[in-house]
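Engineer: Here is my input; please provide its structure:
(one chain, ligands or ions: 1)
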Amino acid sequence: MSSRARRSGRSRIATFAAAVAVGLVATIGVAVPASAANSPGCARGYTCLYSGYDYTWDVMQTPLSYTGQLGFLNCIDQLTRYSYNDVVSSVYNAGYTDRVYLYEHEFQLGKRVSYVVSTGSTNLGNWNDKISSTYFESVLNKKNTSTCR
Ligand SMILES: [Ca+2]
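Structural biologist: Next up, the predicted model:
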């Protein structure tokens, strides 16, 4: 636990250092209008993951190539592939029918939490920075297939 936390800390520092190195180029992408702080901004059909609370982007945790949320239509076995492992702090299910499941570990391992359509959380609380894989209910059986890459 503690060694993992230290590694995580260094990773965040490295990410931040990279952000600083790029400098002003990224400033516009980083800005989140106050008026949008409580709006999911998630397209219909998707579930969106956010590295910050209140559907925002945490510059300390998210690479510059992913400004804003990470949305998906089916599932993601390994959020680390999108540089979104263990950073999700808020989530919104803008899907059509399916409940969405968020897992503690990759490939549906560990504990899970779920949200029905048109719900989410502005603050994942005990789940903050722990989510590693995500699935809409109808594709839970697509684990470890191309659908969830
Ligand atoms: Ca976070």
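Engineer: L124 reaches S89, doesn't it?
Structural biologist: Yes: counting by C-beta atoms under 8 Å, a contact exists between L124 and S89, whose distance comes to 5.7 Å. Every residue, glycine included, has its C-beta placed from N, CA and C.
Engineer: Could you check which of those two has the larger neighbour count?
Structural biologist: In this view L124 and S89 are compared by other C-beta atoms under 10 Å, and S89 has more residues nearby, 25 against 20.
Engineer: Can you read off the pLDDT for that one?
Structural biologist: pLDDT recorded at S89 is 96.
Engineer: Now do V87: how many residues are near it, please.
Structural biologist: Neighbours of V87 (other C-beta under 10 Å): 26.
Engineer: Around the ion, which positions in the chain sit nearby?
Structural biologist: S51, D58, V87, S89, D129 (C-beta under 5 Å from the ion).
Engineer: Could you rerun that using 6 Å?
Structural biologist: S51, G52, D58, Q61, V87, S89, D129 (C-beta under 6 Å from the ion).
Engineer: So among the residues you listed, where is pLDDT lowest?
Structural biologist: Here the lowest pLDDT out of the residues of the chain next to the ion sits on Q61, with 85.
Engineer: Tell me, how many residues neighbour that residue?
Structural biologist: 21.
Engineer: With Y103 instead?
Structural biologist: Neighbours around Y103, by other C-beta under 10 Å: 22.
Engineer: Now L49: which helix or strand?
Structural biologist: strand 47-50 (DSSP states H and E).
Engineer: Mind checking what helix or strand follows that strand in sequence?
Structural biologist: Strand 47-50 is succeeded, C-terminally, by strand 70-72 (DSSP H and E).
Engineer: what bits of this structure have low per-residue confidence?
Structural biologist: 1-39, 63-67 (pLDDT under 70).
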